[in-house]
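A.B. asks: Generate coordinates for the sequence data below:
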Amino acid sequence: MPRGKTKDRDGIYQRKDRPGWWASWVDASGKRRQRKLHAHTLQQARTMLSAEKARVEKTVTLGYAPPSAETFAAVSARFLKHQKARLTPRAYTRENGIVEAHLRPFFGTVKLSEVRRADVQKYVTQRSGEVSPGSIVKELNVLKHMLALAVEWELIPANPAHGVKPPSVPAGRARYLQPTELRAVLEACPEWLRPIACLAVATGMRRGEVLGLRWLDIDFKGGRIMLPQTKNGDGRIVYLNTLAQQALAVVPQGKAKPTDLVFDGEPMTPENVSLAFLRACRSVNVSDFHFHDLRHTAASWMRMKGADIHTVALILGHKDLRMAARYQHLSPAFLSDAVKLLDRAYAGSPESPENG
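C.D. replies: Below is the predicted model of the structure:
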């Protein structure tokens, strides 16, 4: 077998980047699994792999994985422990809140193997009268992920939440400002808020990303910001245009350490930023516009200036292209100009009225 193909076959192996013993085998569904084993010796690792393969053989023989006797509450605790090592603190807090406040009270005392699709649908129906469709979608996604992991952990044979449809969610908000409106709002912002708002609208960064920015994250020479971890849990590079560079240039660095926040001080809390920005908008008669809408403004104008939707999604850090689909909208003037491009296209064709 060619070198580097060890993980494509059953067996015990070691990795260069991580210490310890790893095992590779095919589960009952035909999917290859690679997992680190809690083994101290090669013999222990081989014994553990043999046990895994014996479970697979039993599952294949019976035609299904024998269900676990663990309760939903016990598995949810294991799920949260699994997620804590994989999510940002903020994302973990959200998932922990969904599990603790909603999923566990509803399913907690039931054995995981006794949860049926009808129970999941009942949960969705009950929550529909209590919260928004968007909240239900988030809760259902967490539940589906938990049950999918339970299948992977061979606690249940199938995911009972698979195929349960969430309620329809209204199209995402995409409020944006015209350049004259944006200029008026920025001029109305307090001096401490202006560079924060400018950076947000110049790059499409989220409020939390702007306020969490450190001096070491900024590459002034390269004209970019390296965000180590975003809302989605991944790092992202933000490229700086002239407006973004001007916004950062007015922020005094002084004797700040590289690990210090760029926007640091008593008024620069998330709540104060949003409230002060809302007051600035109201002072110049701009209604129904919030700080997060600066992100929508950046995306909308990139689209209207010719950036394709894939590029916009990449810049904003969207994993799902559907999140950027809301920016398919264009201003009436832009649509009118786009239609007029057909005049030029048709002008040279044989069927053109001008050539008739």
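A.B. asks: could I have the helix or strand harbouring residue 121 exported to CSV, CA atoms only?
C.D. replies: Secondary-structure assignment from DSSP states H and E places residue 121 in helix 117-128. The C-alpha coordinates for helix 117-128 follow below in CSV (Å, rounded to 0.1, in the frame of the first residue of the first chain):
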residue,chain,number,x,y,z
ARG,A,117,-39.9,11.5,15.3
ALA,A,118,-43.4,12.4,16.6
ASP,A,119,-41.8,13.6,19.9
VAL,A,120,-39.5,15.9,18.0
GLN,A,121,-42.4,17.2,15.9
LYS,A,122,-44.3,17.8,19.1
TYR,A,123,-41.5,19.9,20.5
VAL,A,124,-41.4,22.0,17.3
THR,A,125,-45.2,22.5,17.5
GLN,A,126,-45.1,23.5,21.2
ARG,A,127,-42.3,26.0,20.7
SER,A,128,-44.1,27.5,17.7
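A.B. asks: After that helix, which helix or strand is next?
C.D. replies: helix 133-152.
A.B. asks: Tell me what angle that next one forms with helix 117-128.
C.D. replies: Counting by axes from the mean of the first three to the mean of the last three Cα atoms, to 10 degrees, helix 133-152 lies at 150 degrees to helix 117-128.
A.B. asks: For residue 113, give me the pLDDT.
C.D. replies: If you check residue 113, the pLDDT there is 89.
A.B. asks: so who does it touch?
C.D. replies: Going by Cβ atoms under 8 Å, 6 or more residues apart in numbering, residue 113 touches 67, 68, 69, 155, 156. (Each C-beta comes from the backbone N, C-alpha and C, glycine too.)
A.B. asks: Just the ones of those residues in helices?
C.D. replies: Among the contacts of residue 113, no member falls in helices (criterion: DSSP state H).
A.B. asks: What is the nearest of the residues you listed to residue 191?
C.D. replies: Proximity of those to residue 191 (Cβ to Cβ) peaks at residue 155, which lies at 57.0 Å.
A.B. asks: any idea how far that closest one is from residue 92?
C.D. replies: 22 Å (Cβ to Cβ, to the nearest Å).
A.B. asks: cool, residue 176 as well?
C.D. replies: Taken as Cβ to Cβ, the span from residue 176 to residue 92 is 32 Å.
A.B. asks: Residue 243 too?
C.D. replies: Applying Cβ to Cβ to residue 243 and residue 92 gives a distance of 34 Å.
A.B. asks: what does residue 107 give?
C.D. replies: On the measure of Cβ to Cβ, residue 107 and residue 92 end up 20 Å apart.
A.B. asks: Name the residue in these two with the higher neighbour count.
C.D. replies: Neighbour count, other Cβ atoms under 10 Å: between residue 107 and residue 92, residue 107 has more, with 23 against 16.
A.B. asks: give me every residue that touches that one.
C.D. replies: Contacts of residue 107 by Cβ under 8 Å, 6+ apart are 72, 73, 76, 115, 119, 123.
A.B. asks: what do you get for residue 98?
C.D. replies: 138, 139, 142.
A.B. asks: The last one against residue 96, yeah?
C.D. replies: The one in question is residue 142. No: look at residue 142 against residue 96 with Cβ atoms under 8 Å: they stay out of range, at 9.8 Å.
A.B. asks: Secondary structure element for residue 202, which one?
C.D. replies: helix 194-203.
A.B. asks: How far off centre is that helix?
C.D. replies: 22 Å (Cα atoms, centre = their mean, to the nearest Å).
A.B. asks: Show me what it packs onto, helices and strands only.
C.D. replies: Packing contacts for helix 194-203, counted by 3 or more Cβ pairs under 8 Å, 6 or more residues apart in numbering; DSSP states H and E, involve helix 179-188, helix 207-211, helix 242-249, helix 293-304.
A.B. asks: Just the buried residues of the one helix or strand residue 61 maps to, please?
C.D. replies: Assignment of secondary structure by DSSP H and E places residue 61 within helix 42-62. Residues 45, 46, 48, 49, 52, 55, 56, 59 are the ones in helix 42-62 that count as buried (16 or more other Cβ atoms under 10 Å).
A.B. asks: Much appreciated, bye for now.
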